[in-house]
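Peer 1: sequence and predicted structure are below.
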Amino acid sequence: MKQNQRVKLRTGIEISKFGLGTAAFGGLYQRVSMQDCQKTTATALEHGITFIDTAPHYGKGVSETRLGEILKSHYRDALQISSKVGRILENTEYETDEFFKDSDTSKTRVYDYSAAGIDRSIKDSLERLQIDYLDIVFIHDPEGNEDIAISEGARALSKLRDSGYIKAYGVGMNSTATPTRFIKETDVDMVLIAGRFSILDQSAKEDLLPAALDKNVDIIAAGVFNSGLLANPKTGSTYDYLPASNELLKKVLDIQNLAREYGMSLKAAAIQFPLKHPAVKAVLVGCRSKEEVEENVHAFNEEIPEEFWSEMGL
């Protein structure tokens, strides 16, 4: 595979098969400089990666604002930019964020999956990103707000897509039941599923992926490293944002040793595995530095013998 290979989605949009996730641009887990964000983006673009995902949630608008500054000199129609709705940013006196170290302390998040909230969220994102349109809009993690997200949010986005204001819409989550419900009850174009279709967790095969194939809904796989364990397995590595158990760490180290026997890397297996399923059209990988982009692109392009997958039972 090549990271710049194009794939056509059901609405006709063509995106790079490798997408750049920019949660790190909001300082996810650790601070990151604007210069590193610029180098990360430039390296991705040099490799033909044109699908870039962000969200208001990432640093309370900081990821979008930084990305807007970085991309404003680039030809807009050559890029495919997605952002998310469901969290409105309101002014507040002062608020820190334990997860996003570069977050805007003058903002607070307010959950809003209503039609009015969707409309405002998109307009605010466009302003921060300094662009005129979004290619894709994802309803961001509506767990606990499924009914209004389906009855109002999805309906509003469907109208915006049909009017040409956006090109496609989807739902982005790290669980499978709710996005499966979206597929069955709405005309959603795609699902961004994080962590539930990886070499450690294939739970999406039970409900989400069959439903996607049945309704011709595109799947984009994210969280392919399961929050870090599959990228750098060691004591203290995280799995689903918590420290991995010794049992799970041993399992991953065994997979890493097997990969080495086949002359490949663990990262290559993690990044490429989701694309083995016909419903999965692309993978979205978060990067915080030029070096991470280079490493992940190399892993995306590594040759993986079929014997490795067979021995893994995948």
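Peer 2: Everything's here; your move. Residues are numbered from 1 along each chain as shown.
Peer 1: the stretch 201-314 of the chain: strands as residue ranges?
Peer 2: Under the criterion DSSP state E, counting those that start in this stretch, the stretch 201-314 of the chain contains strands at 218-222, 238-239, 242-243, 280-286.
Peer 1: give the contact list for Glu294.
Peer 2: For Glu294, the contacting residues are Thr43, by CB atoms under 8 Å, 6 or more residues apart in numbering. Bear in mind the C-beta positions are built from the backbone N, C-alpha and C, glycine included.
Peer 1: any idea how far it lies from His47?
Peer 2: Look at Glu294 and His47: by CB to CB, to the nearest Å, they are 8 Å apart.
Peer 1: same deal with Asp240?
Peer 2: Remark: distance between Asp240 and His47 (CB to CB) = 29 Å.
Peer 1: of these two, who's got more company?
Peer 2: A direct count of neighbours by other CB atoms under 10 Å for Asp240 and His47 places His47 higher, at 20 against 17.
Peer 1: can you give me the pLDDT of that one?
Peer 2: In the predicted model, His47 carries a pLDDT score of 97.
Peer 1: so which of the strands of the stretch 201-314 of the chain comes closest to Leu229?
Peer 2: Comparing the strands of the stretch 201-314 of the chain against Leu229 with CB to CB, the closest turns out to be strand 238-239 (4.4 Å).
Peer 1: just checking: what are the partner strands of the closest one?
Peer 2: Strand 238-239 pairs in its sheet with strand 242-243 (antiparallel), by DSSP bridges.
Peer 1: might you report the residue contacts of the nearest residue to Leu28 once chain neighbours are set aside?
Peer 2: Taking CB to CB, 6 or more residues apart in numbering as the measure, Leu28 lies nearest to Phe100, with 5.8 Å between them; neighbours along the chain are not counted. With CB under 8 Å, 6+ apart as the criterion, the residues that contact Phe100 are Gly26, Gly27, Leu28, Tyr58, Gly59, Lys60, Val62.
Peer 1: just the ones of these in helices?
Peer 2: Secondary structure assignment (DSSP state H) places Val62 from the contacts of Phe100 within helices.
Peer 1: all good on my end, thank you.
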